[in-house]
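Engineer: Pasted the sequence and its predicted model underneath.
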Amino acid sequence: DTEYDLSSYDITASGFEVGQASQTGSITIGALTLGPDQTLTVENGGTGTITVAGAYSGGELSLDSGSGGINLNGNVTTNGGAATFADDVILAGGGGRFITTTGGDVDFQGDIDGGEALTVNAGAGGVTLGNVGATFLVNGLSVTGSTIDLGGDITTVGPVTLSGAKTLTTSVTIDSSGGNGAIDLSTGSTNDTDSEDLVLTAGSGNVTLGNVSVNNLSVTTTGTATAGAVTNSGDIAIAAGLINANGALSGTNVGLSASAGGIALPQVTAGGTLTVQAAGNIVDNGTLDITDEASLITSTGDITLDDASSTFGSLILTADNASVVEDDSTELAGATVTGDLSITSEGAITDTGTLTVGGTASFNAAGGTADVTLDDGDSTFGTVALNAADALVTENDGTNLGASNVGGALTVNSGGAITDSGTLSVTGLADLNATGDITLDQAGSSFGSLSISGTSASIAENGSMTVADADVGGGDLALSSTGSIDATGTVVAGSLSS
């Protein structure tokens, strides 16, 4: 083993080397101050270590220990020169390690370990990192450079801050959850080289991102996650206590989960699915363009998606109240809404799953020029209000019709009674099928014609009434019209009054 104490020498050379390619012992460099243009190269080609025992200040520094490793016990300042560490680095010495190059590149060609925090400031220079904390967790990592190349995972028990334009040269996981440290990648963009993934795990620490363009992005924290624009070729998955999405999100599948609050959705483009879970209101601040299913679930709060340009493959909604506007036909794959549901569509409205609505379910299909078809036999509504060309509603309970306008035919299949709480305007046939009584007593209602099936029926119309057919078995049939009443088909009733 050799210790080089150069502090007592007057060094005038522009640069010098210590060691040799075949060295097998250890090399220790004590505290050393050189001129800003003087360089130091230390080479140990064998298995011995290189230890920087004190502070280094000078020009370019290059340390190559072969396979022995580098012990960094002192700080390094290169006054604009590069700093190269050509083997694994162990941080030690207490107080944290600081590498400052003021414009020179910093190149870590091996792993970085040790129970110290590491601060690297390359200024306008670039920084290259491999694995950090893979064997011994570092206490924290702060890196500043014009560019930062990430070639390995980062594991710390403290915060991680990477300030500069970041490039993934391999898929990278940054994990600060051991100490709940914050992860801050907000300064400078983060990009992949060839479809690399980025995984961020912070425990309860906050995660802050600038603009990101990688393959798959995964963020997990119980703190706050803040992101700029994310443009991925793969998926986006952000699970946090609170989510601040400050830029557009674009990916294959987009998943957002906020366990401690609501979510304001930015512009979202998903070639696959959108999944949103929140503990508060879900609103949109931009257009949502979702190719496949959009599932939006809030445990307590409302869903309000009112951007008129949004489109969805299908919708699943769970909320206190929900209101959705779509610039296309709307497919409801399922809904559980304790209050009111409002769907405004530029095309037809259909269901492929069960709808459970405690309040008023309002369906507006292209301003009344497209159809509404809700034929799931398990659906239930408090009240149904329709604006459609033709409309079909099937309910597994009694059906209450709110104010509705149907330009063509209306079909109602009810698992109970059919009643009205608003004026009904049906230009074509109103086909009413109930397992209980039918009572439509709004005086302003009008129908092209009526087909009635129930245990009894009482219907009022503002105008002439045409009964295409009626079957109330042995029950009563009471018809009231401000004009004539005509029956064009069979009428079966125990008693008939008009």
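Structural biologist: It's in.

Engineer: Which elements pack onto the helix or strand where Thr350 lies?
Structural biologist: Per DSSP states H and E: Thr350 is located in strand 349-351. Taking 3 or more CB pairs under 8 Å, 6 or more residues apart in numbering; DSSP states H and E as the contact definition, the neighbouring helices and strands of strand 349-351 are strand 330-337, strand 372-374. Placement of C-beta: from N, CA and C, glycine included.

Engineer: possible to save those strands as a markdown table with mean neighbour count and mean pLDDT?
Structural biologist: Supplementary listing: these in a markdown table, determined by neighbours: other CB atoms under 10 Å; pLDDT from 0 to 100:
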| stretch | mean neighbour count | mean pLDDT |
| --- | --- | --- |
| strand 330-337 | 22 | 98 |
| strand 372-374 | 22 | 98 |
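
Engineer: and those as JSON lines, adding distance to Ile112?
Structural biologist: Putting the helices and strands packed on strand 349-351 into JSON lines (distance: least, CB to CB, whole Å) gives the following:
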{"stretch": "strand 330-337", "distance to Ile112": "49"}
{"stretch": "strand 372-374", "distance to Ile112": "60"}
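
Engineer: can you tell which of those strands is closest to Thr77?
Structural biologist: Closest of these to Thr77 is strand 330-337, at 61.2 Å (criterion: CB to CB).

Engineer: elements contacting that closest one?
Structural biologist: Counting contacts by 3+ CB pairs under 8 Å, 6+ apart, strand 330-337 packs against strand 314-319, strand 322-326, strand 341-345, strand 349-351, strand 355-365.

Engineer: Now render the ones you listed as JSON lines, adding mean neighbour count and distance to Val120.
Structural biologist: Compiled in JSON lines, the helices and strands packed on strand 330-337 are given as follows (neighbours: other CB atoms under 10 Å; distance: least, CB to CB, whole Å):
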{"stretch": "strand 314-319", "mean neighbour count": "22", "distance to Val120": "47"}
{"stretch": "strand 322-326", "mean neighbour count": "22", "distance to Val120": "49"}
{"stretch": "strand 341-345", "mean neighbour count": "23", "distance to Val120": "54"}
{"stretch": "strand 349-351", "mean neighbour count": "23", "distance to Val120": "57"}
{"stretch": "strand 355-365", "mean neighbour count": "22", "distance to Val120": "56"}
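
Engineer: closest to Leu129 out of those strands?
Structural biologist: strand 314-319 (41.8 Å).

Engineer: residues near Ser497, how many?
Structural biologist: By other CB atoms under 10 Å, 10 other residues sit near Ser497.

Engineer: Could you give the bridge partners of it?
Structural biologist: Ser497 has these beta-bridge partners by DSSP bridges: Ala478.

Engineer: Now do the contacts for it.
Structural biologist: Residues in contact with Ser497 (CB atoms under 8 Å, 6 or more residues apart in numbering) are Asp476, Leu477, Ala478, Leu479.

Engineer: residues touching the first one, list them.
Structural biologist: With contact set as CB under 8 Å, 6+ apart, Asp476 has these partners: Ser456, Ala457, Ser458, Ala493, Gly494, Ser495, Leu496, Ser497.

Engineer: And those, which of them are buried?
Structural biologist: Buried by 16 or more other CB atoms under 10 Å: Ser456, Ala457, Ser458, Ala493, out of the contacts of Asp476.

Engineer: doesn't Val472 make contact with the second one?
Structural biologist: If I follow you right, that is Ala457. Yes - counting by CB atoms under 8 Å, Ala457 touches Val472, with 5.3 Å between them.

Engineer: Name the residues contacting each of these two.
Structural biologist: Ile438.

Engineer: Low-confidence regions, this protein specifically.
Structural biologist: Along the chain, the parts satisfying pLDDT under 70 run over 1-24.

Engineer: again, 90 this time
Structural biologist: 1-27, 30, 35-37, 43-48, 65-68, 102, 498 (pLDDT under 90).

Engineer: so the residue sitting nearest the centre point of it, which of the three states?
Structural biologist: Nearest to the mean C-alpha position of the chain, by CA atoms, centre = their mean, lies Leu256 at 2.9 Å. Using DSSP: H, G, I helix; E, B strand; the rest coil, the structure places Leu256 in strand.

Engineer: Likewise for Gly367?
Structural biologist: In terms of secondary structure, Gly367 is helix; the call rests on three-state DSSP.
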